[in-house]
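Novice: The following comprises the amino acid sequence and a computationally predicted model.
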Number of protein chains: 2
Amino acid sequence: MKNLSIGALATRTGVKIPTIRYYESIGLLPEAPRTDSNRRLYDDAMVKRLRFIRHARDLGFEVEAIRQLLTLTDDPGQSCHEADALAQAHLADIESKIVRLQALQEEVREMVAQCGQGQVRTCHVIEVLADHAHCLHETH
Amino acid sequence: MKNLSIGALATRTGVKIPTIRYYESIGLLPEAPRTDSNRRLYDDAMVKRLRFIRHARDLGFEVEAIRQLLTLTDDPGQSCHEADALAQAHLADIESKIVRLQALQEEVREMVAQCGQGQVRTCHVIEVLADHAHCLHETH
DNA sequence: CTTGATCCTCCAGTCACTGGAGAATGTACG
DNA sequence: CGTACATTCTCCAGTGACTGGAGGATCAAG
């Protein structure tokens, strides 16, 4: 699909209009071409890019990390050295997030199971998520 | 360990001192007891609670969600009805995050593998993460 | 051609921190 | 015991990532 308005882009991605303009202003999205009357135009490629940004933000990645990931995809001929190091760092980060989410999931499930027996009794979500063993690459 | 200073708590959890005070100010941490000279005192329970908060924030949960999760654990006798609904909602959210992280992981891995052959060639991180099928419970 | 929806820019507000100023307190060494 | 350096205190201003309102232009339908 070509020539989407900013509103159409917003409904297709779940990203609010002011946020889309904000992403453009900080360079996460390229400057959109405009109509004669100065309105922004988007296409399917932008829908995909914006959905990617939205998911990554929702998963706790900050804008700078997303910018790096996007550079990786925007610049297919770039040197492998930098790209690889960057990708490895992000992989470690992703792995750590998955492990901690799974621990959290397990604990909430257990809590719900106990709940089925009448009351939320002993909950140790905190103990599990606080476990330092789940911090794979962090320095604290 | 008892009677930790705010600095000791900060180094044990990786959370900065002003952030700890901020969490107290918004009620995520209880008001810490003070020494005669007005300095905050913490114990191991607070180390665990704070590590939990840090991980959850890092995983993209917002403060309100964390507050709810903490209420679940703080209040073991609470009614099951509310707690269960709340926990189910958080479980769906966690599941969705895991799925999207795994898709991202897969794609970055593939990108790195291609990288081993010389260059970052065709990268479709965006396509995968942008896939609407990965949005399990969201309305967009 | 009017009416309502959508868009524009600009700018102020919110959430979740982050850090500096200035003052008080603690700790360590000569 | 004093003095020097570290740590803490409160208050307040700044940052990152949005979020939303004001005021005005433009578009699409009837």
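Specialist: Yep, it's here. It should be emphasised that the depicted structure is a prediction, and the values quoted were computed from it without experimental measurement. Numbers count the residues shown, from 1 in each chain, chains lettered A, B, ... in the order given.
Novice: What sits closest to A:Q102 if chain neighbours are left out?
Specialist: Excluding its sequence neighbours, the residue lying closest to A:Q102 (Cβ to Cβ, 6 or more residues apart in numbering or on different chains) is B:I98, at 6.5 Å. C-beta coordinates here come from the backbone N, C-alpha and C atoms, glycine included.
Novice: Assign the spatially most central residue of chain A to helix, strand or coil.
Specialist: In chain A, the residue lying closest to the centroid (Cα atoms, centre = their mean) is A:A56, at 0.8 Å. Counting by DSSP: H, G, I helix; E, B strand; the rest coil, the backbone at A:A56 sits in helix.
Novice: who touches the closest residue to it other than its chain neighbours in this structure?
Specialist: The spatially closest residue to A:A56, leaving aside those adjacent along the chain, is A:I66, at 4.9 Å (Cβ to Cβ, 6+ apart). Neighbouring residues of A:I66 by Cβ atoms under 8 Å, 6 or more residues apart in numbering or on different chains: A:L28, A:F52, A:I53, A:A56, A:R57.
Novice: OK, contacts around the residue nearest to the centre of chain A?
Specialist: A:A65, A:I66, A:L69, B:L104, B:L129.
Novice: Could you say which helix or strand holds the fourth one?
Specialist: B:L104 is part of helix B:80-115, with elements assigned from DSSP states H and E.
Novice: That helix vs helix A:80-116, what angle?
Specialist: 160 degrees (axes from the mean of the first three to the mean of the last three Cα atoms, to 10 degrees).
Novice: With distance to DNA strand D, pLDDT and secondary structure as extra columns, can I get the contacts of A:A56 in CSV?
Specialist: Output for the contacts of A:A56, formatted as CSV (distance: Cβ to the nearest atom of the strand, whole Å; pLDDT from 0 to 100; DSSP: H, G, I helix; E, B strand; the rest coil):
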residue, distance to DNA strand D, pLDDT, secondary structure
A:A65, 8, 91, helix
A:I66, 8, 91, helix
A:L69, 13, 84, helix
B:L104, 17, 85, helix
B:L129, 15, 55, helix
